[in-house]
Structures are given as structure tokens and as C-alpha cells.
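[1] Build me a model from this:
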Amino acid sequence: MSHLLVVDDNEANRYLIKRTLERRGFQVTTASDGSEGLKLLAGGGFDLVLLDVIMPGLDGLEVLKRMKEDAATREIPVVMMSALDETSSVIRCIKMGAEDYLMKPFDPVLLNARIGASLEKKRLRDELVVQENLASLGALTAGIAHEIRNPLNFVTNFATASREILLELRETPDSPELLNQLDEYLQKIDEHGKRADRIVRSMLMHSRGKSGEPEIIDLKNLLTDCVNLAYHALRAQDRNFNSRIDIDIESGGIGPVRAVPQEINRVFLNILNNAFYAVWERKKREGETFHPAVAVTARNLPQTAEIRVTDNGPGISPDELTKIFNPFYTTKPAGAGTGLGLSLSYEIIVRGHHGTIRAESMPGVRTEFIVTLPREAV
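    Predicted coordinates for the structure are as follows:
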């Protein structure tokens, strides 16, 4: 049974909507204003929200805005309700992320149909997201296995060398050189152990698909790990795949960024997967005359961190460029993608983290994705 939340300051409207929907088998909870609605939403468990546009205090548009900014509520479909028959109001609500819009007074049959359609669209989106995450995780598994082998080999080798030094120290316990070397080896074990841990956590972040809590993230490590995972994932599918990779992180590093690492990880894995796919498709068409290349640069701007991912693949036409962040739109052949990766990335960056994401392209030359994330004030 779907659980719906009705937020309307008019008691008669709340009563009528609640009775109508309960007769059709829905579980319904009501709220008399925007603040109460947000408190109820914080408790979770709602499948759809019917939200009045005009209310005292927090109006419907502000509630919708806050819902879309919160990772816990942004995926809940919202159907806006208003007595105002204004095209501009409808357009504004849809642009802000509302699923649909109903004019008051509304027909009960129309109300039920709109709710049913919104819930069905959410169900289909959820299924596709799960499929995309599973497909992406499957492709990444081989890359993760390859990438994690390197730090584990280092850990094993330095552990063996450390044991040998300990044997020598038993014979010559007052040797500063051996102690310094042992300390260096232990630092290496710690360094590569942490690298292996980061790789495993990246895999778990991607597989869980759930949002975590914002935290200060190390963009340099995150970007480097994403590049390696995406590269080896495609190489695992096609052993002939190869590409030049350039990583340029501004000297001194990137200022602290507060973000949900699972979500940012998903965004850059998606962008990098697309970049490596694009350059390899062009290589297969043009042969030895073409040399695939992907570049990742990151630098500090006054208030944000800017990350650019550039590839020299076939590029994106101006018409396609206007659609790439639309749900279900893809430039890949049928079966090669769901068309949800970039639309989800847009939601994560723009609505979830108050950043920006855009693409620029010169067909036949290059494509560049530019992401900005607000930096943490220190």
C-alpha cells in the first residue's frame, strides 16, 4: 500500500483528499502547513507528496525546494496543487522538480490517475537505477580486482622485508639504519593498506546506491581512484583498450569540500566511464591514426573546486548537448546505456550539493564535462 502525504492549509481540502484517496486503497497522512509537512517527511516512509502551492509560512514552492535539496527526500514524487490556473506557475513547479501539477478543484478520477502515473514513473525509475548500478558494478568488479592487487602486493612485499629486518635487529639491536628502514617499510604498509581500503570503500559506495552523510572529502584521492577504476573496468571488457591519461591536480591540492562521498564517487565514475567509452569507440572506427586521451584537471576557484574531465572522442552535437542531462536520453547505441547516468549526476551535483555541472563539445575534437562543488569554509 502506497503511503501519501497531503500538505494543505485548508482543513476541508485535506479531509476531502484524504477520504477520496483512502477509498482507493492509499494510506494517507495529512499536514496543515509546510513546516509540519517537512517534519513528517523527515521521519521517512512516504511514496508521494500532494503539496499545496499557496500556504502561510512555508509555501509549497519552498517545501518543494527543500525536498529536492535533501538527499533523503529528493526522489519522492511531488504533485503540486493550486487554484491558480497560471502556465508560469506550472512551469516553475516542474522546473523545480515536481512530478505533476493539479488545478483545484480537481476531479477525483483525475486525481487518482495523476497519482497512479507518478507512482508508476517512480517505480520504473527505481528499477532502471538498480539495473544501471548493477551493470556498472559488474563492469567495475574486474577493474577493482586489478587495481586492488597492486597495493596488496606492496603490503605483502614490505611486510616480508620488515620481518627480515626484525631478524637482523635481533642480532644487531642497536642499528639506527635498520630501525629507520623498518620505520620506512611500516609507513609504506600503512600507505598502501589505506589505498586498498579506499578502493574497497569506493566499490561499496557504488554498490549500496544509498546516500550517506556529508563529510570533508579528499578530491585528489577520489578522482585518482575513479580514474583507475573506470579505466580498468573498460580494459577488463576489452583487453585491447588503452588510453593516455593525464591527471593534473592544482599544486597545493584542492581546498576542503564537504560532500556525500558515495554520490560524488558515482558522478565521476559515470563521467569517466563515458569518456573512456567515447575515446575507445572512436579508436575502433579510425584505427591507428587516432590516439585516445582522457584528462582530469582540478583547481581552486574563489568559492568552489572545479573539476574538468576532457576526452578526445567523437564529441557531442549541439542538439544532443541540450538533451544529455534529460532522463533516459543517451547517445550510446541501444543496450549500451540506460540514459540515466547523467540525469542522476545532475541531480546529485546541482540539487544535492548546490554545485554546477555542464558539458562543452567540439564534434570531432573533444568533449569536456565541468563540475564545480562549493568549498568548505575554513
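
[2] Nearest residue to residue 313 in space, please, no chain neighbours.
    residue 278 (2.9 Å; C-beta to C-beta, 6 or more residues apart in numbering). Using the backbone N, CA and C atoms, a C-beta is placed for each residue, glycine as well.

[3] Contacts only, for that neighbour.
    311, 313, 314, 367 (C-beta atoms under 8 Å, 6 or more residues apart in numbering).

[4] Mark which of those are buried, thanks.
    Neighbour counting by 16 or more other C-beta atoms under 10 Å classes 311, 313, 314, 367 among the contacts of residue 278 as buried.

[5] The last one touches residue 320, doesn't it?
    No - checked against C-beta atoms under 8 Å, the pair residue 367 and residue 320 is beyond contact range at 10.4 Å.

[6] re the thing from before, and the residue nearest to residue 313, what element?
    Taking DSSP states H and E as the criterion, residue 278 maps to helix 261-286.

[7] What is the neighbour count of the nearest residue to residue 50 once chain neighbours are set aside?
    What sits nearest to residue 50 in space, not counting adjacent residues and going by C-beta to C-beta, 6+ apart, is residue 6, at 4.7 Å. By other C-beta atoms under 10 Å, 25 other residues sit near residue 6.

[8] Residue 6 should be in a strand, yeah?
    Yes - assessed by DSSP: H, G, I helix; E, B strand; the rest coil, residue 6 belongs to a strand.

[9] Which residues are in contact with it?
    By C-beta under 8 Å, 6+ apart, residue 6 lies in contact with 14, 17, 18, 21, 28, 29, 30, 31, 49, 50.

[10] And it, how far from residue 26?
    10 Å (C-beta to C-beta, to the nearest Å).

[11] Ok, residue 152 next?
    On the measure of C-beta to C-beta, residue 152 and residue 26 end up 52 Å apart.

[12] Show me which of these two is the more surrounded one.
    Neighbour totals were compared for residue 152 and residue 26, and residue 26 leads with 20 against 14 (other C-beta under 10 Å).

[13] from what I can see that one touches residue 18, true?
    No - here residue 26 does not reach residue 18: they are 9.2 Å apart, not a contact under C-beta under 8 Å.

[14] how about the strands in this protein?
    Taking DSSP state E, the strands of the chain run over residues 3-7, 27-31, 48-52, 78-82, 100-103, 215-217, 244-249, 257-259, 293-300, 304-311, 356-362, 366-374.

[15] buried stuff in the first one?
    Applying a neighbour-count criterion of 16+ other C-beta under 10 Å, one finds 4, 5, 6, 7 buried in strand 3-7.

[16] Could you pull up the residues touching the closest residue to the last one other than its chain neighbours?
    The one in question is residue 7. Spatial nearest neighbour of residue 7, excluding adjacent residues (C-beta to C-beta, 6+ apart): residue 37 at 3.8 Å. When contacts are counted by C-beta under 8 Å, 6+ apart, residue 37 is found next to 5, 7, 31, 49, 51, 63.
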